[in-house]
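Visitor: this is a predicted model, with the sequence first.
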Amino acid sequence: MTGVDRIAGVFATTRGQGRAALMPYLTLGYPSPEMTVPLIRAVIGAGADMLELGIPFSDPLADGPTIQRATHRALQQGMTVARCLEMVAALRQEGVSVPLVLMSYYNPILAYGEAAFCRAAQEVGADGLIVPDLPPEEGAALESGCRSHGLALVYLLAPTSTPKRIRLVAERSAGFIYLVSVTGTTGAREHLPPDLEAFIQRVRAVTEKPLAVGFGIASREQARAVGALADGVIVGSALIQVVEQGGIAGASAFVADLRSALNCTGRGPRNPGMNTEGS
Amino acid sequence: MNFRSLSRQTLPDERGYFGPYGGAFVPETLMPALEELEAAYQAARADPEFQAEFQALLRTYVGRPTPLYFARRLTEYCGGARIYLKREDLAHTGAHKINNTLGQALLARRMGKRRLVAETGAGQHGVATATVAALLGMECVVYMGTEDMRRQAPNVERMRLLGAEVRGVDAGSCTLKDAINEAIRDWVTHVRTTHYLLGSVLGPHPYPMMIRDFQSIIGEEARAQILEAEGRLPDGLIACVGGGSNAMGLFYAFLDDPVAMVGVEAGGLGLESGMHAARFNDPRRGRVGVLHGTRTYVLQDEDGQILTTHSISAGLDYPAVGPEHSYLRQMGRVTYTVARDEEALAAFDLLCRLEGIIPALESAHAIAEAVRRAREMNQDQILLVNLSGRGDKDLETVLRAKGGGR
C-alpha cells in the first residue's frame, strides 16, 4: 500500500463516519528532540487521524511567529533533515500507523536531492509531502520523485487563487488539497474568515479530491465549523501554543477536545464511493 | 580583461528562467499577485504614456542622466587603466535604488495598490521607497533588521521623515535576509491592497526581469557617455554585487559588446572565515538552492539551512544573488571576485582623499577591485566603475572600524 493509498483510506473512513479528519501539525524536534516522538504518539492517542510533521527551516516565510519560534528552537537543538527522517522511522517502529505527511520548505529537499529525499521519506514510512513554497509550475521534478515512491505531493490553494489556478492545483495535487483559509501566514486567529465557505465551494465545484483546511484554526468551535465544510481540519500554531504552556498532557487534552468537536458536526456521511485517489 | 559575448535578447524565458536559474517559488497566496504583476508590467512596458511619465520623472525628479566622471587622480594613483565612475551616488536619495522604486511605484499605482512594503539592508532602498511613496501619496512600510537599523541609523531617520513606518525585524541575523522574510509575510497578509516593492534583481519572476529593466538606464547612459568621452567602449565594467541590481543595471546595455565585466562580492572577514557574503567564491557554502522565491546561488549548509552572512556593508550582506548573475557567471560572461571589509575600507579612504567623493561602503567594494585591476592594465585601457551610492550613511561604521583597527 502506498502513502497515497493510506491517505485516501483515512478520508474514505472519516467521510463514511460523516466527519472531517483531524490533522494536527507539529514541528519535528519541538519542544525538544527527545520529546517529539512521545508528543506525537500522545496526539495520535488523543484522536488525530493523520499528522503533518514540519521539518524545521531557517527561513520559514509562510509561517507566523508561533511556528517560527518552534522551528528556531528545533534548529537550535541540532535538528537536521536526517534526524527528522529518523524520527518518522522511530514512530513507525513504535507501531504508529496513521498517515504521516512531511511539511518542508523546498530548499532542504533540494539540498538533500529530490529523488534521494523521496526515496528516504518512503523508506522511513512517510506518506506525503507538503512544500509551501513550491507551486505546481515548479513541482514537476518533485512530483515525479513522489510518484516513484508512492508519496502524495499535496499542493495548496489560497483565497486569492484564480479559477484557472484552482483547476491546476486540483488536477495536480495528490492525497488531498491543502486549503489555506486566509491570506496570511500560519497562526491562531480568533475568527474564521467570512469567505471561507464560498472558497471551499469554489474548489468543490471542480474536484472530488479531499479538501483539508488549515491556517488560523485555534478552537473547538472553529474546528467544528470548518469540519462541517471540509474533509480535513489542520491545527498547528494553536497546538504548539498549548504545548508551550501545557506540555504533552495539555496537547493530548486539546487534541481530544478538537476530535470530539469533529465527532458531532452532525453532517451525514459523504458518498463513500467518491474518488479519493491522488492523480 | 577577457570577455565572452552573449545576446541579451532572450532572457528570461516565459517562466522567468535565466538558463537553470530563476523561476517563482512562492506560497500559492502570492501566485495570483505575481501573475497580475507580470501582466501589468508587460502592459506598462509597452505603454508610451507610462514610459513617458517614468522618463520625465527620471529626468526632473531623480536628476538623470547621472554624470560619467573621469577619476583623474585615482587613475594617476593606480598608474594603469583610465578609470571612469558612473555617478549613481548623485541620483536623488543618493543611490541607484530610486530608478527601480520609481518604476515600481508607478506600476503599483497603475494596478490600484495604495500601500507599498519594502525590505531594506543599508537603508538606501528603504529611503528610495519611502521617497516615491511620498511622491505618489502612498502608504509605506519598510522592514529592516535591527542590526542594520543600528549601523544605518541616519537612513532610519530619513525614512521616518519621509512618512514611512520602519518596522524592526529581530530574527535570524537581524539583517537583510530577515527583513525580506518579514516583508514577504506582510505581503502574503495584505496582498490584495499591497505591492511588494522588492529592491534588487532577486525574488520570484517577474521581479528580477522588471528590476533589471528599470535599472538598465544606468548602462544605457554610461554606454553613450563613454562613447562621447572616449570615442570607444570601455575595456571593463566593475560593479559590486549584493542582490545585484546596480551591476545588472550597468552590465545589461553592454552584454552584446566586446566588454569584460566583473561583479564584486562582499568578502567580509575573508573566505576561509565563513564570515562573508561570497555566494560564488566560496564553493563549499555557496550552492544552487531556492531562497526568497528564486533558484540561484545561496550560501547554505549541507542540510539546506540558509547561513548567516557578514559584510561591513549592509547592502551586500545577503546570502543569495540575483538569478541572472548566476546565469551570466555560468555562461562565462561575467567574472565574480571578492573584496574583503578591509579592502573596501581602504578603497573608501582612497576615493575620499583622491577624488573628494565619499562612496557607499557597497560601492567601495567595486572601487577596491578597480584599483587592483587598473594597476595591471595599460594606460590606454578604460575601466568603468559603477559608483552605486554615496557614503554619508556609512560614516559611523567607518569611524568605528577605524577606531577598532588602530
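Guide: Okay, I see it. Numbering: from 1, shown residues only, chains lettered A, B, ... in the order given.
Visitor: for the closest residue to chain A within the stretch 201-350 of chain B, which non-adjacent residue is closest in space?
Guide: Here the stretch 201-350 of chain B gets closest to chain A at one residue, residue B:304, 2.9 Å apart by C-beta to the nearest C-beta. Placement of C-beta: from N, CA and C, glycine included. Nearest non-adjacent residue to residue B:304, counting by C-beta to C-beta, 6 or more residues apart in numbering or on different chains: residue A:111, 2.9 Å away.
Visitor: pretty sure the one you found sits against residue B:306.
Guide: No - counting by C-beta atoms under 8 Å, residue A:111 sits too far from residue B:306 to count as a contact (10.3 Å).
Visitor: okay, and the common contacts of the two?
Guide: Between them, residue A:111 and residue B:306 share these contacting residues under C-beta atoms under 8 Å, 6 or more residues apart in numbering or on different chains: residue B:300.
Visitor: what stretches of the stretch 151-279 of chain A score poorly on pLDDT?
Guide: For the stretch 151-279 of chain A, applying pLDDT under 70 flags the ranges A:265-279.
Visitor: that one: helices as residue ranges?
Guide: A:163-172, A:196-204, A:220-227, A:237-263 (DSSP state H, counting those that start in this stretch).
Visitor: for those, which one ends up most surrounded?
Guide: Burial of those is given as mean neighbour count (mean count of other C-beta atoms under 10 Å in any protein chain shown); helix A:220-227 ranks first at a mean of 21.
Visitor: around chain A, pick out the residues from chain B.
Guide: For chain B, the residues in contact with chain A (C-beta under 8 Å from any C-beta of the partner chain) are B:15, B:23-33, B:35, B:171-172, B:177, B:181, B:184-185, B:188-192, B:287-293, B:298, B:300, B:302-306.
Visitor: need the residue closest to the centroid of chain A.
Guide: residue A:52 (3.7 Å; C-alpha atoms, centre = their mean).
Visitor: that one in helix, strand or coil?
Guide: What DSSP: H, G, I helix; E, B strand; the rest coil gives for residue A:52 is strand.
Visitor: name the SS class of the residue lying closest to it once chain neighbours are set aside, please.
Guide: Of all residues not flanking residue A:52 in the chain, residue A:25 sits nearest, at 4.2 Å (C-beta to C-beta, 6+ apart). Put simply, residue A:25 is strand when judged by three-state DSSP.
Visitor: who touches residue A:25 in this structure?
Guide: A:51, A:52, A:53, A:54, A:67, A:103, A:214, A:234, A:235, A:236, A:239, A:240.
Visitor: what residues does the stretch 151-279 of chain A have near chain B?
Guide: A:155-162, A:165, A:169, A:180, A:183-185.
Visitor: tell me the contacts of the residue in chain A positioned nearest to chain B?
Guide: Proximity of chain A to chain B (C-beta to the nearest C-beta) peaks at residue A:111, 2.9 Å away. Residues in contact with residue A:111 (C-beta under 8 Å, 6+ apart) are A:81, B:287, B:289, B:300, B:302, B:303, B:304.
Visitor: host element of it?
Guide: Using DSSP states H and E, residue A:111 maps to helix A:106-112.
Visitor: all strands of the stretch 51-200 of chain B, in order?
Guide: Using DSSP state E, counting those that start in this stretch, the strands found in the stretch 51-200 of chain B span residues B:68-70, B:82-87, B:115-120, B:139-145, B:165-169, B:194-196.
Visitor: what pLDDT does the model give the residue in the stretch 51-200 of chain B positioned nearest to chain A?
Guide: Closest contact between the stretch 51-200 of chain B and chain A, by C-beta to the nearest C-beta, is at residue B:189 (4.1 Å). What the model reports as pLDDT for residue B:189 is 94.
Visitor: returning to that earlier point: buried subset of the contacts of residue A:111 as a PyMOL selection?
Guide: Only the buried members of the contacts of residue A:111 end up in this PyMOL selection, burial being decided by 16 or more other C-beta atoms under 10 Å in any protein chain shown:
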select buried, (chain A and resi 81) or (chain B and resi 287+289+300+303+304)
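Visitor: nearest to residue B:246 among the contacts of residue A:111?
Guide: In terms of C-beta to C-beta, no member of these lies closer to residue B:246 than residue B:289, at 23.6 Å.
Visitor: quick one: that closest one is in a strand?
Guide: Yes - counting by three-state DSSP, residue B:289 is part of a strand.
Visitor: excluding chain neighbours, what is closest to it?
Guide: In space, and not counting its chain neighbours, residue B:289 is closest to residue B:298: 3.9 Å by C-beta to C-beta, 6+ apart.
Visitor: name all residues that make contact with that neighbour.
Guide: Residues near residue B:298 by C-beta under 8 Å, 6+ apart: A:107, B:279, B:286, B:287, B:288, B:289, B:290, B:291, B:306, B:319, B:320.
Visitor: try residue B:113
Guide: The contact partners of residue B:113, by C-beta under 8 Å, 6+ apart, come to B:193, B:194, B:195.
Visitor: try 10 Å
Guide: Taking C-beta atoms under 10 Å, 6 or more residues apart in numbering or on different chains as the contact definition, residue B:113 lies against B:33, B:36-37, B:40, B:105, B:107, B:138-139, B:190-197.
Visitor: ditto for residue A:151
Guide: Counted by C-beta under 10 Å, 6+ apart, residue A:151 has contacts A:2-4, A:7, A:101-102, A:117-119, A:121-122, A:126-129, A:142-143, A:145, A:174-175, A:278.
Visitor: ok, now which ones touch residue 120?
Guide: Using chain A. With contact set as C-beta under 10 Å, 6+ apart, residue A:120 has these partners: A:81, A:82, A:85, A:88, A:89, A:112, A:113, A:126, A:149.
Visitor: not quite, I wanted chain B
Guide: Neighbour list for residue B:120: B:97, B:126-130, B:142-145, B:148-149, B:152, B:155-156, B:159, B:164, B:166, B:176, B:179-180, B:183, B:199, B:314-315 [criterion: C-beta under 10 Å, 6+ apart].
Visitor: and stretch A:32-41, what's buried?
Guide: By 16+ other C-beta under 10 Å, the buried positions in stretch A:32-41 come out as A:33, A:36, A:37, A:39, A:40, A:41.
Visitor: need the residues that contact it.
Guide: Applying C-beta under 10 Å, 6+ apart, the contact partners of stretch A:32-41 are A:24, A:26-31, A:42, A:48, A:51, A:53, A:73-74, A:77-79, A:83-84, A:86-88, A:90-91, A:93-96, A:98, A:100, A:239, A:243, A:247-248, A:251-252.
Visitor: coming back round to it: in CSV: the buried residues of stretch A:32-41, plus secondary structure and pLDDT.
Guide: Formatted as CSV, the buried residues of stretch A:32-41 follow (DSSP: H, G, I helix; E, B strand; the rest coil; pLDDT from 0 to 100):
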residue, secondary structure, pLDDT
A:33, helix, 97
A:36, helix, 98
A:37, helix, 97
A:39, helix, 98
A:40, helix, 98
A:41, helix, 98
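Visitor: among the residues you listed, which one lies nearest to residue B:328?
Guide: Out of the buried residues of stretch A:32-41, the member with the shortest distance to residue B:328 (by C-beta to C-beta) is residue A:33, at 42.7 Å.
Visitor: isn't residue B:232 up against residue B:382?
Guide: Yes - using C-beta atoms under 10 Å, residue B:232 makes contact with residue B:382 at a distance of 7.6 Å.
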